[in-house]
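Undergrad: okay, here's the prediction I keep looking at, along with the sequence it came from:
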Amino acid sequence: MPSTFGAVHLAHEFLKLNVKEGDICIDCTAGRGKDTAFLCELVGSSGKVIALDIQPEAIESTKAFINEKGFDDRCGIYLDSHENVDRYADEGTVSAIVFNFGWLPGGDHSKHTQTESSLKALEKCLKLLKFGGVMSLSIYYGRDTGFEEKDAILKYISTLPVGEYAVVVSEFVNRPNCPPISVRIYRTDL
């Protein structure tokens, strides 16, 4: 078990079980590029990863990390909002989508994902998923930010049609200070 068992660990274990070589995946909040690189490893040289972020600092970090790992050939990195995700893939073609809602790790906490654009992105991403596809959401909140977004996301995903999606929410109940919430969404066959 890793020394810091948290939302990232849960997300990566989930993705490992559901992403295979040749898949198309999207990292809707590229951040420092860790999830993007992880997805690049999983899809292999025949797959494709699309990474989005609205912060130039995040894009620079992700590009540098992807280059360092040698994954440039399978990854497109774009300075754009996750609410424009449908510009980068067709409906029903994506195997896995990753979100880390909150702020850039090590960055300015006053810059964080916003409720309205996050809900629009989620709605679009559900359509992009192919049958059998998955979505991983890590919801970070605390201090003065993220509570409204967390509540809105949890409310939204609780309304997803049972015949089309299975939603699992995991919380760290023995950790202080607003621990992240891990969500796994499966697009099921009708």
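TA: Sure thing, it's come through. Numbering: from 1, shown residues only.

Undergrad: just the buried positions in the lengthiest strand in the chain, please.
TA: Once the chain is assigned using DSSP state E, the strand that runs over the most residues is strand 129-139. Using 16 or more other C-beta atoms under 10 Å as the test for burial, strand 129-139 gives 129-130, 133-139. The C-beta positions use only the backbone N, C-alpha and C, and glycine is treated the same way.

Undergrad: and it, how far out from the chain middle?
TA: 8 Å (C-alpha atoms, centre = their mean, to the nearest Å).

Undergrad: pLDDT of it, averaged?
TA: Strand 129-139 shows a mean pLDDT of 95.

Undergrad: helices and strands around it, which ones?
TA: When contacts are defined as 3 or more C-beta pairs under 8 Å, 6 or more residues apart in numbering; DSSP states H and E, strand 129-139 packs onto helix 7-18, strand 94-101, helix 115-128, helix 147-157, strand 181-187.

Undergrad: ends of stretch 19-31, how far apart?
TA: 20 Å (C-alpha to C-alpha, to the nearest Å).

Undergrad: just the CA coordinates for stretch 64-82, please, in PDB.
TA: The C-alpha coordinates for stretch 64-82 follow below in PDB (Å, rounded to 0.1, in the frame of the first residue of the first chain):
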ATOM      1  CA  ALA A  64       7.200  19.000 -19.300                       C
ATOM      2  CA  PHE A  65       6.100  15.900 -17.400                       C
ATOM      3  CA  ILE A  66       4.700  14.200 -20.500                       C
ATOM      4  CA  ASN A  67       7.900  15.100 -22.400                       C
ATOM      5  CA  GLU A  68      10.100  13.700 -19.600                       C
ATOM      6  CA  LYS A  69       8.100  10.400 -19.700                       C
ATOM      7  CA  GLY A  70       8.400  10.200 -23.500                       C
ATOM      8  CA  PHE A  71       4.600  10.200 -24.100                       C
ATOM      9  CA  ASP A  72       4.400  13.100 -26.500                       C
ATOM     10  CA  ASP A  73       3.300  10.800 -29.400                       C
ATOM     11  CA  ARG A  74       0.100   9.800 -27.600                       C
ATOM     12  CA  CYS A  75      -0.900  12.900 -25.800                       C
ATOM     13  CA  GLY A  76      -2.600  16.200 -26.800                       C
ATOM     14  CA  ILE A  77      -2.400  18.900 -24.200                       C
ATOM     15  CA  TYR A  78      -4.700  22.000 -24.500                       C
ATOM     16  CA  LEU A  79      -5.100  25.300 -22.700                       C
ATOM     17  CA  ASP A  80      -8.900  25.100 -22.500                       C
ATOM     18  CA  SER A  81     -11.800  24.800 -20.000                       C
ATOM     19  CA  HIS A  82     -13.100  21.300 -19.300                       C
END
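
Undergrad: low-confidence stretches in the chain?
TA: Low-confidence segments of the chain, defined by pLDDT under 70: 1-4, 103-112, 143-145, 189-190.
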